[in-house]
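In: have a look; sequence and predicted model below, questions after that.
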Amino acid sequence: MNKPVVVSEEASVVPVPDAMQGRPANIATKAVSAGPAYIVLAGISFSHFLNDTMQSLIASVYPILKESYALSFAQIGMITLAFQFTASLLQPVVGHFTDKKAQPFSLAIGMGSTFFGLLLLSAANQYATILVAAALVGLGSAVFHPESARIARLASGGRYGFAQSVFQLGGSFGTSMGPVLAALIVVPFGQPSIAWFSLFAFLAIAILLRIGVWYRPQITNKKPAPIHLHPDAPSPRRVRIALVVLVALLFSKQLYVSSLSSYYIFYLIDKFGVSTQSAQLYLFVFLAANAIGAFLGGPLGDRFGRKYVIWISVLGALPFTLALPYAGLYASAVLTVIIGLIISSTTSSIIVFAQELMPHRFGMISGVFFGVAFGIGGLGAAVLGKLADYTGIGFVYQLCAFLPAIGLLAVFLPRMPKHLR
């Protein structure tokens with residue numbers, strides 16, 4: 001493990017040109033004093049919205065696929081695994097590669113994989129084809145997330161938590177739109193209607209090509225950043241422990257969210273007898289709350305410290321997750337809103353905390369936390385699906401209710417130098 005380093009504020013922010021006119025700033029400090037490049041942040045966040053809207057369709061059409069092809073819960077879990085494992089396996093690799101040589105147009109190329117994956121999913125008539133389609137969408141995610149997170153940081157103007165939250169907000173709202181679009185379009189018109197959503201990929205490609213034009217001079221003009229060890233930085237051993245803890249915390253959060261996004265529809269149908277469309281709308285309510293919480297977490301971390309936000313957001317959800325399996329229909333909706341607001345606020349703080357621990361390995365760290373931890377959540381979803389086949393979906397939520405207790409591991413996180421928190 002390399003020693004933890006602190007990159008000076010001037011070195012860590014690349015000059016950001018005027019997003020409308022393409023005029024570069026004279027020096028890096030002007031980029032910081034000018035604040036975030038809002039147009040760039042809006043563009044990358046909207047691209048994240050489109051990307052995750054398309055991805056969320058996979059989980060949203062599970063009831064249709066389950067009924068059409070007589071799939072078990074274990075097979076549903078395997079679809080989640082095919083998508084998330086592909087993304088998790090490749091994201092750290094992509095991040096490591098772009099640490100050495102950034103690729104400004106890789107985002108647009110990766111979006112092409114999502115495009116073909118959706119077309120294949122709309123025409124799939126065999127279980128194996130569905131798995132391949134899910135894997136192609138996961139491949140697009142693997143290419144998109146590490147480099148887009150780097151672009152968000154470059155455009156942050158030094159407000160890293162805020163920029164990460166804006167970036168996460170687009171993805172979270174995109175995820176929340178999947179169930180709504182599935183209820184309004186895919187359920188009435190069937191599996192072939194998924195092909196219409198490939199138009200989102202065309203729009204995303206156009207935006208990402210424009211962002212690539214902005215991004216390219218940032219790479220060309222970038223000078224080697226002076227790296228030095230801060231006297232108050234945690235030791236290499238503390239950094240290793242902290243990274244393991246952060247992965248565990250993100251795993252617990254992501255596995256719980258994955259259990260809701262993958263199986264909550266079936267849980268509501270099984271326990272309360274609601275229709276598929278109604279269940280998808282209840283899922284949208286949870287995912288929308290999840291999006292709002294994801295946005296709030298970054299600025300709160302900038303203001304009060306990321307460690308405190310991590311403590312509160314993971315452990316704070318525990319009483320509500322414990323109550324959810326025993327609540328009625330409407331109480332469940334209220335509880336999922338509270339859970340979404342609290343538990344999702346930790347994502348931005350965890351990712352920025354990890355980036356600050358290893359700022360010289362930004363792409364790799366982003367890939368690990370966007371990829372491996374989320375992929376582990378996908379593996380857990382597959383295991384939960386197998387468990388649901390044997391014990392029932394209700395027992396799965398009783399078990400998952402204890403996941404936020406893993407937040408106690410936050411006690412092992414180090415204190416960071418004040419100017420990095």
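Out: Yep, it's here.

In: for the rest of this, base every contact and every neighbour count on C-alpha atoms.
Out: Will do.

In: tell me how many other residues surround A123.
Out: Here the count is done by other Cα atoms under 10 Å, and A123 has 16 residues near it.

In: helices and strands around the helix or strand harbouring I109, which ones?
Out: Element membership for I109 (DSSP states H and E) is helix 106-123. Applying 3 or more Cα pairs under 8 Å, 6 or more residues apart in numbering; DSSP states H and E, one finds that helix 106-123 makes contact with helix 38-60, helix 127-154, helix 198-221.

In: what are the buried residues along the second one?
Out: Meaning helix 127-154. Within helix 127-154, the residues that count as buried by 16 or more other Cα atoms under 10 Å are 130-154.

In: same thing with stretch 338-352?
Out: 338-352.

In: same check, this time on stretch 389-397
Out: Quick answer for stretch 389-397 (16+ other Cα under 10 Å): I393, G394, V396, Y397.

In: distance of the closest residue to S122 other than its chain neighbours relative to F83?
Out: Among residues not flanking S122 along the chain, P192 sits closest, at 4.5 Å (Cα to Cα, 6 or more residues apart in numbering). Per Cα to Cα, to the nearest Å, P192 is found 20 Å from F83.

In: of these two, who's got more company?
Out: F83 (26 against 15).

In: what sits against that one?
Out: F83 makes contact with L131, A134, A135, L136, V137, G138, L139, G378 under the criterion Cα atoms under 8 Å, 6 or more residues apart in numbering.

In: look up how far Q277 lies from it.
Out: Applying Cα to Cα, the value for F83 to Q277 is 24 Å.

In: then S88?
Out: Noted for S88: a distance of 30 Å to Q277, by Cα to Cα.

In: which other helices and strands does the helix or strand hosting A323 contact?
Out: Here A323, judged by DSSP H and E, is contained in helix 318-323. Packing partners of helix 318-323 (3+ Cα pairs under 8 Å, 6+ apart): helix 329-343.

In: and the contacts of the helix it packs on?
Out: Contacts for helix 329-343 (Cα under 8 Å, 6+ apart): 253, 268, 272, 282, 285-294, 312-314, 316-317, 320-321, 323-324.

In: isn't A405 up against L315?
Out: Yes. A405 sits in contact with L315 when judged by Cα atoms under 8 Å, with a separation of 6.0 Å.

In: what does the residue nearest to V213 when sequence neighbours are not counted show for phi and psi?
Out: In space, and not counting its chain neighbours, V213 is closest to P104: 7.4 Å by Cα to Cα, 6+ apart. Note on P104: its backbone torsions stand at phi -60, psi -30 [degrees, to the nearest 10].

In: just A70 next, same as before
Out: Main-chain dihedrals, A70, degrees, to the nearest 10: phi 50, psi 50.

In: now do the same for it: its pLDDT.
Out: With respect to pLDDT, A70 scores 87.

In: how about low-confidence regions in this structure?
Out: For the chain, the stretches with pLDDT under 70 are 1-36, 219-233, 360, 362-363, 366, 370-378, 417-421.

In: for it, which helix is longest?
Out: helix 236-272 (DSSP state H).

In: list the buried ones in it?
Out: Applying 16+ other Cα under 10 Å to helix 236-272 flags 238-240, 242-243, 245-268 as buried.

In: so it versus helix 329-343, what angle?
Out: Put simply, helix 236-272 runs at 170 degrees to helix 329-343, going by axes from the mean of the first three to the mean of the last three Cα atoms, to 10 degrees.

In: what angle sits between helix 236-272 and helix 38-60?
Out: For helix 236-272 against helix 38-60, the angle by the same axes, to 10 degrees is 50 degrees.

In: which strands and helices sit next to helix 236-272?
Out: Applying 3+ Cα pairs under 8 Å, 6+ apart, one finds that helix 236-272 contacts helix 38-60, helix 276-304, helix 329-343, helix 346-357, helix 373-391, helix 393-400.

In: which of these sits most buried?
Out: Highest mean neighbour count among the helices and strands packed on helix 236-272 (mean count of other Cα atoms under 10 Å): helix 346-357, with a mean of 26.

In: now do the SS call for G77.
Out: Of the three states, G77 takes helix according to DSSP: H, G, I helix; E, B strand; the rest coil.

In: ditto for L71
Out: coil.

In: cool, Q103 as well?
Out: coil.

In: tell me how far it lies from Y390.
Out: 46 Å.

In: run the chain-centre distance for stretch 234-244.
Out: Relative to its parent chain, stretch 234-244 has a centroid offset of 23 Å by Cα atoms, centre = their mean, to the nearest Å.

In: what angle separates the helix holding I109 from helix 38-60?
Out: 20 degrees.

In: which other residues reach helix 106-123?
Out: Contact partners of helix 106-123, identified using Cα under 8 Å, 6+ apart, comprise 51, 54-55, 129-130, 132-144, 147-148, 191-195, 197-198, 201-202, 204-206, 208-209.

In: next, the contact list for G170, please.
Out: Residues near G170 by Cα under 8 Å, 6+ apart: S45, F46, S47, H48, F49, L50, A291.

In: do that again at 6 Å, thanks
Out: By Cα atoms under 6 Å, 6 or more residues apart in numbering, the contact set of G170 is S45, F46, H48, F49.

In: the last one reaches G171, doesn't it?
Out: The one in question is F49. Yes. Using Cα atoms under 6 Å, F49 makes contact with G171 at a distance of 4.6 Å.

In: ok so, going back, now render the helices and strands packed on helix 236-272 as TSV, adding distance to A183.
Out: As requested, the helices and strands packed on helix 236-272 are exported to TSV (distance: least, Cα to Cα, whole Å):
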stretch	distance to A183
helix 38-60	8
helix 276-304	5
helix 329-343	18
helix 346-357	28
helix 373-391	22
helix 393-400	22
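
In: before we move on, back to that, is it true that the residue nearest to V213 touches R210?
Out: No. Using Cα under 6 Å, P104 is not in contact with R210, being 9.9 Å away.

In: more neighbours, those two?
Out: For P104 and R210, the more surrounded residue by other Cα under 10 Å is P104, and the numbers stand at 23 against 16.
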